[in-house]
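>>> Next one to model:
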Amino acid sequence: MGRTRLQGRTLTHDEFMRKHESELLESDKDSVTGGTISLGALMKGKDLPGPSETLPLPISALLVQLHRWWLVRLLGAAARENSPEAYGSLLGYWLHKMGVDPPAGVFLRAPGKPGRPRSAKTEAIFWTWIDLGKPSLSRRRLAHAVYRAEFTKADSAGRKKMIDRCRRAVERWQAQSRLNPS
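Residues are numbered from 1 along each chain as shown. Below you'll find the model as predicted:
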């Protein structure tokens, strides 16, 4: 609002993610509050005090803590640095984490980027890998989280294919974003 945005050049998603890689790695410490009420509980409306009870932390204190969260800091940086692709990607991730995926057509990709468009499935697998705390790409944990029942029902060859698909998706996303593999 009162801040000035950088004029001129627009940062691509990849440029923004490379520039802010260290903050993205903070997603491992995915905590917003150290108080008695979590942001997740606040957003989902679970485990909150009743209407007659008072909140242990005032909403203003929660907002201050939320402002320090890595995801909100990156959203602010994407806005200041004129990176609409990164902003949309991060905002979509946050909405997904809160369980309120936007309807189709809300986040439209800007036309004109050369090459084959990135798959939404590849991005979803990458963010699932981040959510799980970056487990080993050769293990079953990521593939099980992505494919769920299909993974459970598959035979060993089918499971191996799903594990390999997830591994390649994360590696492809890292290569496209030029993020260091973990």
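>>> And the helices in this protein?
Ranges of helices in the chain, per DSSP state H, are 13-19, 21-25, 39-44, 59-67, 70-80, 84-97, 120-131, 141-147, 149-153, 156-177.
>>> Over to residue 20: give its phi and psi.
In terms of degrees, to the nearest 10, the main-chain angles of residue 20 are phi -110, psi 30.
>>> Please pull out the lowest mean pLDDT helix or strand from the chain.
Every helix and strand in the chain was compared by mean pLDDT, DSSP states H and E; the lowest is helix 39-44, with a mean of 47.
>>> With respect to residue 104, which of the helices of the chain lies nearest?
Residue 104 lies closest to helix 120-131 among the helices of the chain, at 10.0 Å (CB to CB). Every C-beta, even on glycine, is put in place using the N, C-alpha and C of the backbone.
>>> Would you mark the buried spots in the closest one?
Using 16 or more other CB atoms under 10 Å as the test for burial, helix 120-131 gives 122-123, 125-130.
>>> what bits of this protein have low per-residue confidence?
1-8, 24-57, 109-114, 178-182 (pLDDT under 70).
>>> need the contact list for residue 73.
Residue 73 is in contact with 23, 67, counting by CB atoms under 8 Å, 6 or more residues apart in numbering.
>>> ok, the residue nearest to the spatial centre of the chain to residue 148 distance?
In the chain, the residue lying closest to the centroid (CA atoms, centre = their mean) is residue 93, at 3.7 Å. Going from residue 93 to residue 148 by CB to CB, to the nearest Å gives 20 Å.
>>> what's the answer for residue 164, then?
Residue 164 sits 17 Å away from residue 148, going by CB to CB.
>>> Comparing those two, which shows the higher neighbour count?
residue 164 (13 against 10; other CB atoms under 10 Å).
>>> want to throw the helices of the chain into CSV with distance to residue 107?
Formatted as CSV, the helices of the chain follow (distance: least, CB to CB, whole Å):
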stretch, distance to residue 107
helix 13-19, 12
helix 21-25, 19
helix 39-44, 19
helix 59-67, 22
helix 70-80, 13
helix 84-97, 5
helix 120-131, 10
helix 141-147, 20
helix 149-153, 26
helix 156-177, 17
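>>> who wins for proximity to residue 103 among these?
helix 84-97 (10.9 Å).
>>> Which positions in the closest one come out as buried?
The neighbour-count check on helix 84-97 (16+ other CB under 10 Å) flags 85-94, 97 as buried.
>>> quick one: which of these is nearest residue 23?
Of the buried residues of helix 84-97, the one sitting nearest to residue 23 (CB to CB) turns out to be residue 90, at 10.6 Å.
>>> so who does that closest one touch?
Taking CB under 8 Å, 6+ apart, one finds 71, 74-75, 78 in contact with residue 90.
>>> can you check residue 72 too?
Neighbour list for residue 72: residue 66 [criterion: CB under 8 Å, 6+ apart].
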